[in-house]
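1. Please work out how this folds:
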Amino acid sequence: MAASNYLNTAPLIWKFVRARKPADVELIDATPAGCADALLSGAADVALVPVIEYQRQAELRIVDDVCVGSKRKVRSVVLVSRLKELRQVRSVALDESSRTSAALVKIIFREFMDAEPEWTTARPDVQTMLRENDAALIIGDPAMTFRRAGLQIFDLAALWRYYTGLGFVFAMWMTRPESTLAASQIDFRAAREEGLARLEEIIDSYHSALGLPRSEIKSYLTEDISFYLDKEMRAGLELYYRLAHKHGLVPVVSPLKSLSA
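-> Numbering: from 1, shown residues only. You can find the predicted model right below:
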């Protein structure tokens with residue numbers, strides 16, 4: 001299986017990393033884009049994948065009810081600029097680690113601002129990205145630790161909420177059809193609950209790794225990130241897929257199919 005070790009995934013993968021790890025589970029650490037590649041290449045039977053990939057690859061299956069998302073602000077998926085307003089942005093550097101959020105940025109500009117900046121893809125380094133671009137998309141832990149002095153920070157989940165009134169799903173566990181049996185042997189919901197019950201351990205670990213205050217990490221995991229695909233989150237995901245198709249970012253809009261489907 002493959003997943004990033006970003007803070008926003010920690011409760012979902014803690015069981016497979018630090019707790020009572022199942023003997024037959026090996027976890028590959030990769031960026032969100034790398035997780036999608038590992039799943040599609042067969043290097044992983046199941047992966048925590050950017051949700052946009054579900055509509056780009058035929059016959060994927062999801063683990064229902066488990067996700068990485070946000071209902072209001074997410075803090076770890078941001079568009080950064082020296083300009084004060086998004087409508088002033090004419091060029092955007094997209095984090096190469098991202099696929100779902102890269103598509104979300106394009107939807108926000110095209111659907112809600114009727115604008116089309118120039119797009120480039122780059123390594124996630126804010127200062128380098130902003131040398132030749134008006135704005136930079138940064139995701140994951142790098143989005144929580146860069147120097148913010150003199151920069152405007154636009155939270156993508158907050159923007160999505162402002163324009164749609166819905167939560168946003170960034171990633172879900174997915175598997176290929178031939179791997180559904182293996183994936184079904186892993187209880188991802190129980191793993192999530194175990195991770196959420198071990199938040200103090202997670203906070204201790206990421207406090208040291210990221211240098212963020214413990215209180216900030218706790219509020220991020222308990223208030224900003226949602227790990228449940230409830231009715232509102234599913235509605236946000238379905239709207240995202242429709243808009244991605246409308247703006248040419250996915251070829252079709254297929255209904256969600258779970259492991260048991």
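2. and the nearest residue in space to Val80 that is not next to it in sequence, what element?
-> Excluding the flanking residues, the one nearest Val80 by Cβ to Cβ, 6 or more residues apart in numbering is Ala136, at 4.9 Å. Glycine gets a C-beta too; all of them are placed from N, C-alpha and C. Per DSSP states H and E: Ala136 is located in strand 135-139.
3. buried ones in that strand?
-> Of the residues in strand 135-139, Ala135, Ala136, Leu137, Ile138, Ile139 count as buried by neighbour count, 16 or more other Cβ atoms under 10 Å.
4. Check stretch 81-89 too.
-> Per 16+ other Cβ under 10 Å, stretch 81-89 contains these buried residues: Ser81, Leu86, Val89.
5. quick one: the second one from Arg189, how far?
-> Meaning Leu86. For Leu86, the distance to Arg189 equals 37 Å [Cβ to Cβ, to the nearest Å].
6. cool, Arg82 as well?
-> 43 Å.
7. if we can go back for a sec, ok, the buried residues of strand 135-139 vs Phe154, which is closest?
-> Ala135 (8.0 Å; Cβ to Cβ).
8. would you list every one of the helices in the stretch 51-200 of the chain?
-> Assigned by DSSP state H, counting those that start in this stretch, the stretch 51-200 of the chain shows helices spanning 100-107, 126-131, 142-145, 156-164, 180-184, 188-197, 199-210.
9. So which of these has the densest surroundings on average?
-> Mean neighbour counts were compared across the helices of the stretch 51-200 of the chain using mean count of other Cβ atoms under 10 Å; the top stretch is helix 100-107, at a mean of 24.
10. what helices or strands is that one leaning on?
-> Counting contacts by 3 or more Cβ pairs under 8 Å, 6 or more residues apart in numbering; DSSP states H and E, helix 100-107 packs against strand 77-81, strand 91-95, strand 135-139, helix 156-164, strand 168-175, helix 231-246.
11. Export the ones you listed to CSV and append columns for mean pLDDT.
-> Below are the helices and strands packed on helix 100-107 laid out as CSV (pLDDT from 0 to 100):
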stretch, mean pLDDT
strand 77-81, 98
strand 91-95, 98
strand 135-139, 98
helix 156-164, 98
strand 168-175, 97
helix 231-246, 98
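12. can you tell which of the ones you listed is closest to Val66?
-> Closest among the helices and strands packed on helix 100-107, once you apply Cβ to Cβ, is strand 168-175, at 5.8 Å.
13. and that closest one, C-alpha only, in PDB?
-> The C-alpha coordinates for strand 168-175 follow below in PDB (Å, rounded to 0.1, in the frame of the first residue of the first chain):
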ATOM      1  CA  PHE A 168     -13.900  19.300  -0.100                       C
ATOM      2  CA  VAL A 169     -12.300  15.900  -0.400                       C
ATOM      3  CA  PHE A 170      -8.700  15.700  -1.400                       C
ATOM      4  CA  ALA A 171      -7.800  12.100  -1.200                       C
ATOM      5  CA  MET A 172      -9.300   8.600  -0.600                       C
ATOM      6  CA  TRP A 173      -8.000   5.000  -0.300                       C
ATOM      7  CA  MET A 174      -8.400   3.400  -3.700                       C
ATOM      8  CA  THR A 175      -7.600   0.100  -5.300                       C
END
